[in-house]
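Student: pasted the sequence and its predicted model underneath.
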Amino acid sequence: MRKFSVLIAGGGSTYTPGIVMMLLENQDKFPIRTLKFYDNDPERQDIIAKACEIIVKEKAPEIEFLATTDPEAAFTDVDFVMAHIRVGKYKMRELDEKIPLQHGVVGQETCGPGGIAYGMRSISGVLELVDYMERYSPNAWMLNYSNPAAIVAEATRRLCPNSKILNICDMPVAIESRLVEVLGLQSRKDMNVRYYGLNHFGWWTDIRDNEGNDLMPQLKKYVAENGYAVEGSVDNQHVDPSWDVTYRKAKDLYALDPETLPNTYLKYYYYPDYVVEHSDKNFTRANEVMAGRETQVFTACRQIVSNQTMEGSELEVDEHATYIVDLARALAYNTYERMLLIVKNNGAIRNFDHTAMVEIPCLVGANGPEPLVMGDIPQFQKGLMEQQVSVEKLVVEAWIEHSYQKLWQAMTLSRTVPSAKVAKELMDDLIEANKEYWPELH
Ligand code: NAD
Ligand code: G6P
Ligand code: MN
């Protein structure tokens, strides 16, 4: 069996150890010869890398391991780049969340003004990774889950349309893993779904088992009462109390359109007033993550290094990150696996902008994704999506043209922002906070 060389870009990410352990558990399905880490923050990456080097030595000593900040060493001789960078790190995520809240607007990592600010930072970081990959390993694929994926995907469509980059999100995977538990099925692969939307902005229209039986009636009944809250779920990534609130809130999202099942992120667009009222302006999700996941992961890694073994470590395998292996396998072995990906619409949603980057099921083979036709969508979803995709496109145009005007339009158009006045006020604060990262707007 051919063995692959994998580069994790954003080696210092809190998700890196969980993904490494997941990759090691899947060596029979996706064998690795070289595993490399790349990051532009050597101190942060070092802590994770030193621990992961020990984990690799203990679990699969035949895999060659390298962590580096040198793009040439990182990107040379690579088959897959798994990218999860966060330009500006948690320090900037905190501001993305807190600045809008100061103006009474939703403060969120990927939605609303915070997501726009993050998008303006991420574009150059991800484009740089694509450049390195094309320079040093032109045949490689980039599997990108760096956020905000919707804006990043639109930017790569505009600026490097022929690059081998696939954008993917784990939210539908996480929700589906809960639906599987609701149904008492074994695995996500026991369900076949129809889904459409933008990233962090979509709906399931049909879910069937492998025999073709309609599972929607049972699921709708459950979601109408419980949202996606499932006691003792295997979803070990979304466990903090704030995620539980989000999963429960899906009940109220469902109420708005009982024909479909909603993505949890729609709460920021359907109920922005509720979200603002229930936000702590001084302690947002970024603070919760820094005090929680970030501290736990870095403490566990330091522990592994000081013990020189992972024995007794509390690091967990990122179970549902197996979707990344499914995607890599689909490309490597031409499996034609059916997966939700963020791809150019091209008529798959017939009555929607053909150039939009949409999240829909695709068959994935060696040539990349083949999107499946989702047909015409209803007025409600179409209206919401047209507004939101315009936000995303205007952000990318603002970045390309250094246009203050277009960014103001994008902010104003976001459903989370009440007026052009508020949009301008909070945008001026975000410009000030992001001076180091955004192009200068005029
Ligand atoms: P993190 O801050 O712990 O890790 C990000 C790493 O990226 C840091 O080590 C940082 O130094 C590095 N980095 C920043 N800019 C870089 C650049 N230009 N070049 C190289 N490295 C750079 O963040 P995290 O919470 O672990 O999340 C990582 C990313 O994964 C975020 O973008 C997050 O939103 C995303 N994510 C996406 C999904 C999805 O569904 N698509 C799921 C989970 C996480
Ligand atoms: C989900 C989304 C990701 C997002 C993450 C945030 O998994 O799909 O796109 O990055 O949640 O989680 P956090 O725990 O960092 O708030
Ligand atoms: Mn996501």
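Tutor: Perfect, I can see it now. Ligands and ions are numbered 1, 2, ... in the order given.

Student: mind pulling up the pLDDT for whichever residue of the chain sits closest to ligand 3?
Tutor: Residue of the chain nearest ligand 3, by C-beta to the ion: residue 169 (3.4 Å). For every residue, glycine as well, the C-beta is placed using N, CA and C. Looking at residue 169, its pLDDT reads 97.

Student: is it true that it touches residue 198?
Tutor: No - using C-beta atoms under 8 Å, residue 169 is not in contact with residue 198, being 10.3 Å away.

Student: shared neighbours of those two, anything?
Tutor: Shared contacts of residue 169 and residue 198, defined by C-beta atoms under 8 Å, 6 or more residues apart in numbering, are found at residue 359.

Student: which bits of this protein sit near ligand 3?
Tutor: Within the chain, the positions lying close to ligand 3 (C-beta under 5 Å from the ion) are 169, 171.

Student: so who does the residue nearest to the spatial centre of the chain touch?
Tutor: Nearest to the geometric centre of the chain sits residue 169, at 3.9 Å (C-alpha atoms, centre = their mean). Neighbouring residues of residue 169 by C-beta under 8 Å, 6+ apart: 145, 149, 199, 200, 340, 342, 359.

Student: what residues are up against residue 380?
Tutor: Listed by C-beta under 8 Å, 6+ apart, the contact partners of residue 380 are 256, 257.

Student: do that again at 10 Å, thanks
Tutor: If you count contacts by C-beta atoms under 10 Å, 6 or more residues apart in numbering, residue 380 has them with 203, 256, 257, 259, 260.

Student: repeat that for residue 339.
Tutor: Contacts for residue 339 (C-beta under 10 Å, 6+ apart) come out as 166, 168, 172-173, 323, 326-327, 330, 361-364, 369.

Student: same check, this time on residue 190
Tutor: Going by C-beta under 10 Å, 6+ apart, residue 190 touches 180, 183, 208, 209, 210, 211, 215.

Student: and residue 409, by the same measure?
Tutor: Contacts of residue 409 (C-beta under 10 Å, 6+ apart): 390, 391, 394, 395, 397, 398, 403, 420, 423.

Student: how close does the residue nearest to residue 159 when sequence neighbours are not counted get to residue 157?
Tutor: Spatial nearest neighbour of residue 159, chain neighbours left out: residue 127 (6.3 Å); criterion: C-beta to C-beta, 6 or more residues apart in numbering. The span separating residue 127 from residue 157 equals 12 Å under the rule C-beta to C-beta, to the nearest Å.

Student: filter the contacts of residue 339 down to the buried ones, ChimeraX style.
Tutor: Entered in ChimeraX, the line below selects the buried ones among the contacts of residue 339, by 16 or more other C-beta atoms under 10 Å:
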select :166,168,172,173,323,326,327,330,361,362,364,369
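
Student: could you single out the nearest of the contacts of residue 339 to residue 264?
Tutor: Here the nearest of the contacts of residue 339 to residue 264, counting by C-beta to C-beta, is residue 172; it sits at 9.7 Å.

Student: residues near whichever residue of the stretch 1-150 of the chain sits closest to ligand 1, how many?
Tutor: Nearest residue of the stretch 1-150 of the chain to ligand 1: residue 12, at 2.5 Å (C-beta to the nearest ligand atom). Residues near residue 12, counting by other C-beta atoms under 10 Å, number 24.

Student: would you agree it falls within a strand?
Tutor: No - read with DSSP: H, G, I helix; E, B strand; the rest coil, residue 12 is coil and lies in no strand.

Student: around ligand 2, pick out the residues from the protein.
Tutor: Residues of the chain found near ligand 2 (C-beta under 6 Å from any ligand atom) are 110, 147, 169, 170, 171, 285, 289.

Student: can you redo these as CSV with secondary structure?
Tutor: Formatted as CSV, the residues of the chain next to ligand 2 follow (three-state DSSP):
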residue, secondary structure
110, coil
147, coil
169, coil
170, coil
171, helix
285, helix
289, helix
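
Student: residue 40 and ligand 2: what is the separation?
Tutor: Note on residue 40: its distance to ligand 2, by C-beta to the nearest ligand atom, to the nearest Å, is 19 Å.

Student: buried ones among the residues of the chain next to ligand 2?
Tutor: Looks like those have 110, 147, 169, 170, 171, 285, 289 buried, using 16+ other C-beta under 10 Å.

Student: pick the one among those residues closest to ligand 2.
Tutor: Within those, distances to ligand 2 taken as C-beta to the nearest ligand atom reach their minimum at residue 171, with 3.5 Å.

Student: give the contact list for the closest one.
Tutor: Counting by C-beta under 10 Å, 6+ apart, residue 171 touches 110, 149, 199, 200, 202, 238, 263, 264, 265, 340, 359.

Student: what about the residue nearest to residue 284 when sequence neighbours are not counted, distance to residue 131?
Tutor: Excluding its sequence neighbours, the residue lying closest to residue 284 (C-beta to C-beta, 6+ apart) is residue 97, at 3.9 Å. Distance, residue 97 to residue 131, using C-beta to C-beta: 30 Å.

Student: how about residue 16?
Tutor: Applying C-beta to C-beta, the value for residue 16 to residue 131 is 22 Å.

Student: does stretch 193-209 come close to ligand 1?
Tutor: No - for stretch 193-209, no contact with ligand 1 is found by C-beta under 6 Å from any ligand atom; the gap never falls below 7.7 Å.

Student: off-centre distance for that stretch?
Tutor: With C-alpha atoms, centre = their mean, to the nearest Å as the basis, stretch 193-209 stands 16 Å off its chain's centre.

Student: so who does the nearest residue to residue 441 once chain neighbours are set aside touch?
Tutor: Nearest non-adjacent residue to residue 441, counting by C-beta to C-beta, 6+ apart: residue 404, 4.0 Å away. The contact partners of residue 404, by C-beta under 10 Å, 6+ apart, come to 398, 424, 427, 428, 431, 440, 441, 442.

Student: reformat those residues as TSV; add secondary structure and distance to residue 81.
Tutor: Formatted as TSV, the contacts of residue 404 follow (DSSP: H, G, I helix; E, B strand; the rest coil; distance: C-beta to C-beta, whole Å):
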residue	secondary structure	distance to residue 81
398	helix	27
424	helix	38
427	helix	33
428	helix	36
431	helix	31
440	coil	29
441	coil	30
442	coil	34
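
Student: residue 298 reaches residue 45, doesn't it?
Tutor: No - counting by C-beta atoms under 10 Å, residue 298 stays clear of residue 45, with 11.4 Å between them.

Student: which residues do these two both contact?
Tutor: residue 12.

Student: pick out whichever of the two has more residues nearby.
Tutor: For the pair residue 298 and residue 45, the greater number of neighbours falls to residue 45 (23 against 17), based on other C-beta under 10 Å.

Student: quick check: longest helix of the protein.
Tutor: Using DSSP state H to define each element, the chain has its longest helix at helix 112-136.

Student: hmm, back to that, neighbour count for residue 16 and residue 131, which is higher?
Tutor: residue 16 (25 against 14).

Student: many thanks, have a good one.
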